[in-house]
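S.K.: mind folding the following:
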Amino acid sequence: MEIICESCQSKFRIADEKLPKDKTAFLKCPKCSHRISVPPVGSPPPPASEPDIEEDFFSFDEDEDDGYDATEKPFDFVEEEGKTALLCELDPAIKKALVPVLEVLEYHITEVKNSREALKSMRYHSYDLIAVNEFFDTKNPDANGVLIYLERLNMVVRRNIFVVMVTNRFRTMDHMVAFQKSVNMIINVDNIIDFDKILRRGLADFGLFYQTYKDCLE
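M.R.: Residues are numbered from 1 along each chain as shown. As a prediction, this is how the structure comes out:
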């Protein structure tokens, strides 16, 4: 099926077998992060017959001259109101505290092993939440590839991502450091056991802060 982003007019292709047959699927445009509604397979007639799409993880298929590799897509599709989270943390003890909380909050989680994997995942999917250790895949927090990438994101895209930075240097909920690091929330590893309560509070503040802005976009 050919899909056209209503916002940026980018064209993509997705294999029919990757879409639910009885309900609408929702995807985020990998270029502008606009939410695209895809009707159930078979309900509307396809715009044109298309060649077979390769069997890949996320199945988006752009023009070849964009250098697209669909195997790097993190999700097949995300159902309506589905939320996604990218976890950039290598410490098993910290991951053990973060993952259950994200699962309870019904996030679809992508765990990555290094910055390269993280950047690939972010290239093809706009996450709702990213949790990143400031020392993830680096000994120098100022050279953290994930944080640098997020800092350089287009603000329209960045405003839709809640970024949590895990640290052992700064205080939890230190808003000044969060501002300096271009993240939404700081959490110290000493408070990681309270990640659930801290994250819920941070998400609530984030939602209130941008509610008016998002209302104006609708």
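S.K.: and the helix or strand of the chain with the lowest mean pLDDT, what does it pack against?
M.R.: Within the chain, no helix or strand scores below strand 11-13, which has a mean of 72 by mean pLDDT, DSSP states H and E. On a contact count with 3 or more Cβ pairs under 8 Å, 6 or more residues apart in numbering; DSSP states H and E, strand 11-13 meets strand 2-4. To be clear about C-beta, it is placed using only N, CA and C from the backbone, and glycine gets the same treatment.
S.K.: how far off centre is the strand it packs on?
M.R.: Between the centre of strand 2-4 and the centre of its chain there are 21 Å (Cα atoms, centre = their mean, to the nearest Å).
S.K.: also stretch 6-24?
M.R.: The answer for stretch 6-24 is 18 Å, by Cα atoms, centre = their mean.
S.K.: cool, and stretch 106-123?
M.R.: For stretch 106-123, the distance to the chain centre is 8 Å (Cα atoms, centre = their mean).
S.K.: okay, and for the chain, where does confidence drop off?
M.R.: 42-81, 214, 217-218 (pLDDT under 70).
S.K.: all strands of it, in order?
M.R.: Assigned by DSSP state E, the chain shows strands spanning 2-4, 11-13, 25-28, 35-38, 83-88, 107-111, 129-133, 162-167, 185-188.
S.K.: closest one to Arg201 among those?
M.R.: For these, proximity to Arg201 was assessed by Cβ to Cβ; strand 185-188 is nearest, at 8.7 Å.
S.K.: okay if I get the strands of the chain as a markdown table plus mean neighbour count and distance to Ser121?
M.R.: Shown next, in a markdown table, are these (neighbours: other Cβ atoms under 10 Å; distance: least, Cβ to Cβ, whole Å):
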| stretch | mean neighbour count | distance to Ser121 |
| --- | --- | --- |
| strand 2-4 | 15 | 20 |
| strand 11-13 | 17 | 17 |
| strand 25-28 | 20 | 12 |
| strand 35-38 | 15 | 18 |
| strand 83-88 | 23 | 6 |
| strand 107-111 | 18 | 5 |
| strand 129-133 | 25 | 10 |
| strand 162-167 | 24 | 14 |
| strand 185-188 | 23 | 20 |
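S.K.: and Ile148, which of those strands is closest to it?
M.R.: Across the strands of the chain, closest to Ile148 is strand 129-133 (Cβ to Cβ), at 10.9 Å.
S.K.: just the C-alphas of the closest one, formatted as PDB.
M.R.: Extracted in PDB, the C-alpha atoms of strand 129-133 (Å, rounded to 0.1, in the frame of the first residue of the first chain):
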ATOM      1  CA  LEU A 129       9.900   9.000  25.300                       C
ATOM      2  CA  ILE A 130      13.700   8.500  25.300                       C
ATOM      3  CA  ALA A 131      15.600   7.500  28.400                       C
ATOM      4  CA  VAL A 132      19.300   7.900  28.000                       C
ATOM      5  CA  ASN A 133      22.200   7.600  30.400                       C
END
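S.K.: check contacts around the most centrally placed residue in the chain.
M.R.: For the chain, the residue nearest the mean C-alpha position is Tyr127 (1.1 Å; Cα atoms, centre = their mean). Contacts for Tyr127 (Cβ atoms under 8 Å, 6 or more residues apart in numbering) come out as Thr84, Ala85, Leu86, Thr110, Ser121, Ile161.
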